[in-house]
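Q: Got a sequence here, can you build the structure:
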Amino acid sequence: MNAVIFAGPSLPPAYLSPDPTLEWHPPVKQGEVYKAALTRPAIIGIVDGYFEVTPTVWHKEILWAMAQGIHVYGAASIGALRAAELHTFGMVGIGRVFAAYRDGILIDDDEVAVLHGPAELGYRAITEAMVNIRATLDNAIAESVVDFELAALLTQVGKELFYKERTWDTILRLAASRGGLPTPVANFAAWLQSGQVDQKRIDALDMIAAIRAHLGAGVTPLTVSYRFHETGYHKAAAQQFQ
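A: Numbering: from 1, shown residues only. I've put the predicted structure just below:
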C-alpha cells in the first residue's frame, strides 16, 4: 500500500521523508489527481497546488478518485480548501486551516496563497500566507508581545495586501505609517525572528502523520455515499489527462 502526496512550499524538499510508502509529487495541477488515481494508490494526499496561471485541481477528479475506493486527504493549502468543500463526500481534512474553512471562519482563497520560488530552489516562499500571519499574531498575543488592538491592525493591513505583496516587512511599514500604534512595532519585529508560526507546515506534517498511521493500520477501500455521474465534461477531461 502506498500514498501519493502533492506538496510544495508548505512542505518543501527538506521536509520530505524517504519513507518508501510515500510517493512525493510537486504541487498539484488540474488532472493530476485523476492521473494519480489511475495508478490505484491506497491514499492521495493534497497539500499544495497551482492556480492562477495553471488550472487548479478539479473537485470532480477528487470525487472520481474517492469513488474508486481511494482515500483522499487534504491540508494546509489547496488541500485544506478542497477538503472543506468535499469533506461531506468523504475527503479527510486535517489541521487548523482546514477547520477554519470548514467552519466558515475563513472563506477567501488568498488566505493560503503565496508567491514562491521553483522546485530547484526548494519552493522557497517569497511572501507570507495570511493563515500563517493570523497564527503568528495569535502566538504573539499569547506571549504578551502584542495586544489585541495591535494584532487587529496588523491583521487588517495584511489582509488588505495582494497576496504577492504580503510580507512582514511591508505589513510593519504600512502599520507604522498609520501612527498611533498601541504598542511598539519594533518589539514585535524583533520577536518575529523566532516567534513566527508556519501553520501551513504544521498542518501538512500532521496530515503526513495521519496518512502514515492510516497506512500502518491497514487501508480498506473507501466506500462513498454518492453515485459518481460520468458527465460529458468529465469524460472529455479524463481523455485529455490519460
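Q: need the contact list for the residue nearest the centre of the chain.
A: Nearest residue to the geometric centre of the chain (Cα atoms, centre = their mean): residue 77, 1.3 Å. Each residue near residue 77 by Cβ atoms under 8 Å, 6 or more residues apart in numbering is listed here: 9-10, 47-49, 97, 112, 129, 200, 204. To be clear about C-beta, it is placed using only N, CA and C from the backbone, and glycine gets the same treatment.
Q: what's the answer for residue 124, then?
A: Contacts for residue 124 (Cβ under 8 Å, 6+ apart) come out as 9, 12, 116-117.
Q: gap between stretch 165-179 and the chain center?
A: From the chain centre to the centre of stretch 165-179 is a distance of 25 Å (Cα atoms, centre = their mean, to the nearest Å).
Q: Likewise for stretch 99-117?
A: Centroid separation for stretch 99-117 versus its chain: 8 Å, with Cα atoms, centre = their mean.
Q: Output the lengthiest helix in the chain as PDB - backbone C-alpha positions only.
A: Assignment by DSSP state H gives helix 199-217 as the longest helix of the chain. Provided in PDB are the C-alpha atoms of helix 199-217 (Å, rounded to 0.1, in the frame of the first residue of the first chain):
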ATOM      1  CA  GLN A 199       0.600  26.900  10.400                       C
ATOM      2  CA  LYS A 200       0.600  25.500   6.900                       C
ATOM      3  CA  ARG A 201       3.700  23.400   7.500                       C
ATOM      4  CA  ILE A 202       2.300  22.300  10.900                       C
ATOM      5  CA  ASP A 203      -0.900  21.100   9.200                       C
ATOM      6  CA  ALA A 204       0.900  19.500   6.400                       C
ATOM      7  CA  LEU A 205       3.100  17.500   8.700                       C
ATOM      8  CA  ASP A 206       0.000  16.500  10.700                       C
ATOM      9  CA  MET A 207      -1.500  15.200   7.500                       C
ATOM     10  CA  ILE A 208       1.500  13.100   6.700                       C
ATOM     11  CA  ALA A 209       1.500  11.700  10.200                       C
ATOM     12  CA  ALA A 210      -2.200  10.800   9.800                       C
ATOM     13  CA  ILE A 211      -1.600   9.200   6.400                       C
ATOM     14  CA  ARG A 212       1.300   7.100   7.800                       C
ATOM     15  CA  ALA A 213      -0.900   6.000  10.700                       C
ATOM     16  CA  HIS A 214      -3.600   5.000   8.200                       C
ATOM     17  CA  LEU A 215      -1.200   3.000   6.100                       C
ATOM     18  CA  GLY A 216       0.300   1.400   9.100                       C
ATOM     19  CA  ALA A 217      -3.100   0.300  10.400                       C
END
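Q: quick one: buried residues of it?
A: Residues of helix 199-217 classed as buried by neighbour count (16 or more other Cβ atoms under 10 Å): 199-208, 210-212, 214-215.
Q: repeat for stretch 21-37
A: Residues of stretch 21-37 classed as buried by neighbour count (16+ other Cβ under 10 Å): 22-25, 27-34, 36-37.
Q: same check, this time on stretch 75-92
A: For stretch 75-92, the neighbour count (16+ other Cβ under 10 Å) marks 75-86, 89-92 as buried.
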